[in-house]
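# sharing a model prediction with you, sequence too.
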Amino acid sequence: GRLGTGRAHGKAILLGEHAVVYGAPALAVPVPQLTAVAKARRAGGDGGDEISFAIAGLESPEVTSLPTDGLQHLVTEFRQRAAVTEPMRVDVLVDCAIPQGRGLGSSAACARAAVLALADAFDRRLDAATVFDLVQTSENVAHGRASGIDALATGATAPLIFRNGVGRELPVAMAGTARTARRSDPAGFDAVLVIADSGVSGSTRDAVELLRGAFERSPRTRDEFVSRVTSLTEAAAHDLLQGRVADFGARLTENHRLLREVGISTGRIDRMVDAALAAGSPGAKISGGGLGGCMIALARDRRESAAVVRSVQQAGAVRTWAVPMGRFAGH
Ligand code: MEV
């Protein structure tokens with residue numbers, strides 16, 4: 001049978017998580033070093049549909065955001081959208097090196113890799129909008145109510161601003177992505193985003209549900225949260241484009257304060273944020289779904305990022321990743 005392959009990567013949300021579900025903009029970056037790779041092998045023989053799914057590389061199988069149900073929906077939807085008329089006899093294996101339940105986009109990346117592998121195996125060319133819709137089919141099953149930012153960011157090559165289902169990549173070079181490879185001038189501002197895992201998995205579905213309940217009880221809390229995060233994220237996007245790293249950092253920390261207020265941070269994440277700031281980081285916050293998961297901290301250069309890493313490890317981080325942000329475009 002024909003073998004198709006597909007790949008996607010993790011993501012980290014810089015600002016706007018949760019508020020983005022209610023129409024605020026959010027900023028995210030791709031994390032190219034965390035990958036999901038899928039292989040779809042079409043089975044020979046005849047007979048009806050025979051679809052099998054397996055996900056390898058899982059380290060916390062207890063996590064319920066595991067997208068297996070979502071992936072089943074995805075195959076059904078793929079058949080319709082790609083107008084496949086022959087029986088779907090296919091084995092899909094996703095090798096996921098993105099830790100689950102850490103707000104790093106593992107479910108969307110697995111789904112995106114699977115969609116691309118299916119398209120390759122069945123020789124279909126899907127446009128970006130169709131790939132997005134298919135990933136969202138799976139995400140909505142995994143998360144209940146997904147804004148779509150993960151579905152896009154797991155395929156992005158630059159920082160992305162996302163609002164109401166529409167994303168736009170910002171002209172900011174990032175190391176390790178296709179966009180950087182096309183750039184001739186890699187010099188300039190050398191910011192690094194430190195991502196640190198609290199070691200505790202948090203369910204995005206539970207976190208989104210928690211806020212839905214709280215916001216139903218107090219629409220005023222929702223409106224204030226959404227409007228404050230909207231201002232912060234819009235301002236931060238300008239900072240990013242203008243190269244204002246200190247201002248950008250301050251907005252991260254302010255967004256953390258707002259997320260903590262609505263109850264999606266944890267004691268350990270708060271300590272890690274404080275530790276990053278104490279080590280000189282211009283800004284730090286929880287990132288993604290919350291109730292555990294990861295925090296992010298900005299560092300101005302490699303040396304600062306090493307100090308931040310040491311400090312967050314002392315505060316309980318079980319592992320860290322450094323994502324070179326390349327240069328802020330203003331520099
Ligand atoms: C998850 O990465 C981001 C959330 O805002 C949920 C969503 O946007 O679907 C928490």
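Perfect, thanks for sending it.
# for the closest residue to the ligand within the chain, what are its contacts?
Going by C-beta to the nearest ligand atom, the ligand is nearest to residue 147 of the chain, at 3.3 Å. Backbone N, C-alpha and C define where each C-beta goes, glycine included. The contact partners of residue 147, by C-beta atoms under 8 Å, 6 or more residues apart in numbering, come to 20, 21, 26, 162, 165.
# what does the stretch 201-331 of the chain put close to the ligand?
Residues of the stretch 201-331 of the chain lying close to the ligand (C-beta under 6 Å from any ligand atom) are 204, 208, 288, 289.
# dump these to TSV, plus pLDDT and distance to residue 13.
Below are these laid out as TSV (pLDDT from 0 to 100; distance: C-beta to C-beta, whole Å):
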residue	pLDDT	distance to residue 13
204	89	11
208	93	13
288	95	5
289	94	9
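# next step: the residues you listed restricted to helices.
With DSSP state H as the criterion, helices contain 204, 208 from among those.
# which of the residues of the stretch 201-331 of the chain next to the ligand lies closest to residue 12?
Distance ranking of those against residue 12, using C-beta to C-beta, places residue 288 first at 7.1 Å.
# just to revisit the earlier point, and which of the residues of the stretch 201-331 of the chain next to the ligand is nearest to residue 300?
residue 288 (23.3 Å).
# neighbours of the closest residue to the closest one other than its chain neighbours, how many?
Sequence neighbours aside, residue 103 is the residue nearest to residue 288 in space, at 1.7 Å (criterion: C-beta to C-beta, 6 or more residues apart in numbering). Residue 103: 30 surrounding residues under other C-beta atoms under 10 Å.
# next, the contact list for residue 103, please.
12, 13, 17, 202, 204, 286, 287, 288, 289, 290, 293, 294 are the contacts of residue 103 under C-beta under 8 Å, 6+ apart.
# okay, now residue 219: neighbour count?
By other C-beta under 10 Å, 9 other residues sit near residue 219.
# now do the contacts for the closest residue in space to residue 28 that isn't next to it in sequence.
Distances taken as C-beta to C-beta, 6+ apart put residue 153 closest to residue 28, at 4.0 Å, once the chain neighbours are dropped. Counting by C-beta under 8 Å, 6+ apart, residue 153 touches 11, 13, 28, 29, 30, 105, 108, 160, 162, 167.
# do residue 2 as well
41, 42, 121, 122, 123.
# repeat that with 10 Å
Taking C-beta atoms under 10 Å, 6 or more residues apart in numbering, we find residue 2 in contact with 40, 41, 42, 44, 90, 120, 121, 122, 123.
# buried subset of those residues as a PyMOL selection?
Per 16 or more other C-beta atoms under 10 Å, the buried members of those correspond to this PyMOL selection:
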select buried, resi 40+41+42+90+120+121+122
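# cross the contacts of residue 2 against helices and list the overlap.
120, 121.
# so residue 171: helix, strand or coil?
Assigned with DSSP: H, G, I helix; E, B strand; the rest coil, residue 171 falls in the coil class.
# wait, it sits on residue 157?
No: with contact defined as C-beta atoms under 10 Å, residue 171 does not count as touching residue 157 (11.3 Å).
# when those two are compared, which one has more neighbours?
residue 157 (18 against 11).
# a strand runs through the more buried one, doesn't it?
No: using three-state DSSP, the assignment for residue 157 is coil, not a strand.
# thought it was touching residue 31?
No: in this structure, residue 157 is not within contact of residue 31 by C-beta under 10 Å, at 11.8 Å.
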